[in-house]
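In: Structural data only, the sequence is not supplied:
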RNA sequence: UCCUGAGUAGCUCAGCCGGUUAGAGCAUCUGACUGUUAAUCAGAGGGUCGCUGGUUCGAGCCCAGCCUCAGGAGCCA
């Protein structure tokens, strides 16, 4: 575990010598050193040159075989995808294109890879094709970079909150509450579908079910998070979330990961400050710790853009886009202000919007959000104080404005290319107002008694938000389809692997 | 769920107005070469044209239904 080497153990004996990770090898100046490297063959060129990758770096090491001193039958097995162990000497490369290489002394095939069947070739594959072989796509440069960044961002989330004294709270995956109404839920049940127990009126008798009641996979840990925030002050959740919506877009998954901080004694402004600080911290963390990966993805995007018409190409490359986000304050405007900007905007006046802005009260369409973020402000935008009618019951009510319109203390952070990346609010802490709102929205108060207890005993102002982790990874990696930033995407009609 | 588009070799794609034996590049296999960088050169093999049905003398191509994928919309994170 020292000098960048790790040990591999079998169950009862050490089966392999220490290996050197390729990432460390690529930085070494230790010429003449004898090393063992293990990895997977990317290509084997000219019967001499193995491009070897062990996942530690997006870059390969070149191992050079003297084909006269090795069995031809052994060299034949150096196919793309094969796992090999190489003992050799670190030497300065004779060729151009790499600084160092390994002169191979011993070569062992650990696992063959039938070239006729292995689907990955040393060439560009479409992301659609790689999605069909998600179990192997980790071995490509692109997904090596994407999932390294995903890891770094996940770690950074915990570091950010831990450093601020937040408590990481595990909220339940299986939940009985479906109160938030955040979309269709997946039912959790052990009832035999061929023999459903029924009540006299024909409805399903959930008393017979595993939990003795109807249960679902969680759509949000927020309500439970609020309970914890009312004791710990500052908490966050970071876990899987499930929505059974039939959404077929580049931004939606049936199973995704969400980060939900909840803070006592925060108002909406504190909430926005924290969200903006978090997003900038995470972007900065990726820039600081994933330089190689981001560089690779930047070039990948530039390559891809070449095939697009000039008008559709983006203004910035990936790194410039990320830095731009760091250097600028997010624009904060109210829903009411946004509506007036949109009403007077060119696309609205010229009737280029598919949905024209008529007046106050309806939700903004994605074309409107995109206009605000990508055309008008050209930076991330935080929209606040939405009409109460289109938002959830737990959001804190504002006093009606001069025209008698009621809004809630909600905020959505909109990012270019992604749309809504964060949704949050200051919560309604006043019991009577909350109960009245629940009644209006037909939310059964009896079932939510545990939630309302927070307002009955020591209620306090508090706020929180949800950050879609995959949407963040999308933004940072510059990928365009959310199915390519989660290892095993679950979408309608697809739960392969 | 709605709208639009697509589905042809392992991959990426071409296939004219419905007409003979469905093509290319890459990959694979065989051989050559041996400091290559998506190596190169020569040759070979490889097809349920998404599925089902229909129209027609004749369907990869036209029609209907279904499945899957992609992009957009809605819902949202």
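Out: It's in. Just so it is clear, the model here is predicted, and its values are computed rather than measured. Residues are numbered from 1 along each chain as shown, chains lettered A, B, ... in the order given.
In: so what's residue A:54 up against?
Out: The contact partners of residue A:54, taken as Cβ atoms under 8 Å, 6 or more residues apart in numbering, are A:21, A:22, A:37, A:38, A:39, A:40. In this view, the C-beta of every residue, glycine as well, is placed from N, C-alpha and C.
In: Cross those residues against helices and list the overlap.
Out: Counting by DSSP state H, the contacts of residue A:54 place residue A:22 in helices.
In: and residue A:463, how far is that from RNA strand B?
Out: Plainly put, residue A:463 is 14 Å away from RNA strand B if you go by Cβ to the nearest atom of the strand, to the nearest Å.
In: If you could redo that for residue A:380, that was the one I meant.
Out: As for residue A:380, its distance to RNA strand B is 13 Å (criterion: Cβ to the nearest atom of the strand).
In: What pLDDT is listed against the residue lying closest to that residue once chain neighbours are set aside?
Out: Distances taken as Cβ to Cβ, 6 or more residues apart in numbering put residue A:330 closest to residue A:380, at 4.3 Å, once the chain neighbours are dropped. Residue A:330 is assigned 96 on the pLDDT scale.
In: Would you confirm that residue A:330 contacts residue A:411?
Out: No: counting by Cβ atoms under 8 Å, residue A:330 sits too far from residue A:411 to count as a contact (10.2 Å).
In: so what's the most far-flung residue of chain A relative to its centre up against?
Out: Outermost residue of chain A with respect to the C-alpha centroid, by Cα atoms, centre = their mean, is residue A:68; its distance is 49.0 Å. Contact analysis of residue A:68 by Cβ under 8 Å, 6+ apart lists nothing.
In: Spell out which parts of the stretch 1-150 of chain A neighbour RNA strand B.
Out: A:43, A:45-49, A:51, A:62, A:64, A:67, A:76, A:79-80, A:93-98, A:101, A:115-116, A:119, A:121-126, A:128-129, A:131 (Cβ under 7 Å from any atom of the strand).
In: Please narrow those to those residing in helices.
Out: Those of these lying in helices (DSSP H): A:128, A:129, A:131.
In: For chain A, which residue gets nearest to RNA strand B?
Out: residue A:95 (2.5 Å; Cβ to the nearest atom of the strand).
In: can you pull the pLDDT of that residue?
Out: With respect to pLDDT, residue A:95 scores 88.
In: swap in residue A:315?
Out: Looking at residue A:315, its pLDDT reads 76.
In: Show me what secondary structure element comes after the one helix or strand residue A:229 maps to.
Out: Using DSSP states H and E, residue A:229 maps to helix A:222-232. Beyond helix A:222-232 in the direction of the C-terminus, DSSP H and E gives the next helix or strand as strand A:234-242.
In: So for that following strand, what gets flagged as buried?
Out: Using 16 or more other Cβ atoms under 10 Å as the test for burial, strand A:234-242 gives A:234, A:235, A:236, A:237, A:238, A:239, A:241, A:242.
In: Which members of the residues you listed are the farthest-apart pair?
Out: A:234 and A:242 (25.7 Å; Cβ to Cβ).
In: Now for residue A:448, how many residues are close by?
Out: 18 (other Cβ atoms under 10 Å).
In: quick one: it and residue A:171, what's the gap?
Out: 16 Å (Cβ to Cβ, to the nearest Å).
In: Name the nearest residue to residue A:372, ignoring sequence neighbours.
Out: Nearest one to residue A:372, counting by Cβ to Cβ, 6+ apart, is residue A:381 at 5.3 Å.
In: residues near the one you found, how many?
Out: Neighbours of residue A:381 (other Cβ under 10 Å): 21.
In: How about the one 4 residues further on?
Out: Each residue near residue A:385 was counted by other Cβ under 10 Å, and the total is 22.
In: Can you report phi and psi for it?
Out: Phi and psi for residue A:385, reported as degrees, to the nearest 10, are phi 50, psi 60.
In: Assess the claim that it and residue A:405 are in contact.
Out: No: assessed by Cβ under 8 Å, residue A:385 is found out of contact with residue A:405, at 10.0 Å.
In: Need the overlap of contacts for the two.
Out: With Cβ under 8 Å, 6+ apart, residue A:385 and residue A:405 have common neighbours residue A:336.
In: Let me have the contacts of residue A:54 in a markdown table, extended by neighbour count and pLDDT.
Out: Listed next are the contacts of residue A:54 as a markdown table, based on neighbours: other Cβ atoms under 10 Å; pLDDT from 0 to 100:
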| residue | neighbour count | pLDDT |
| --- | --- | --- |
| A:21 | 18 | 95 |
| A:22 | 20 | 96 |
| A:37 | 22 | 95 |
| A:38 | 20 | 95 |
| A:39 | 24 | 95 |
| A:40 | 20 | 95 |
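In: So which bits of the stretch 151-300 of chain A are right by RNA strand B?
Out: By the rule Cβ under 7 Å from any atom of the strand, the part of the stretch 151-300 of chain A lying against RNA strand B is A:182-183, A:220, A:243, A:245-254, A:256, A:258.
In: any idea which of those residues has the most stuff around it?
Out: For those, neighbours tallied by other Cβ under 10 Å; top is residue A:253, 23 neighbours.
In: returning to that earlier point: would a markdown table of the buried residues of strand A:234-242 with pLDDT and distance to residue A:162 be doable?
Out: Listed next are those as a markdown table, based on pLDDT from 0 to 100; distance: Cβ to Cβ, whole Å:
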| residue | pLDDT | distance to residue A:162 |
| --- | --- | --- |
| A:234 | 98 | 11 |
| A:235 | 98 | 12 |
| A:236 | 98 | 9 |
| A:237 | 98 | 14 |
| A:238 | 98 | 11 |
| A:239 | 97 | 16 |
| A:241 | 95 | 21 |
| A:242 | 94 | 26 |
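In: All set, thanks.
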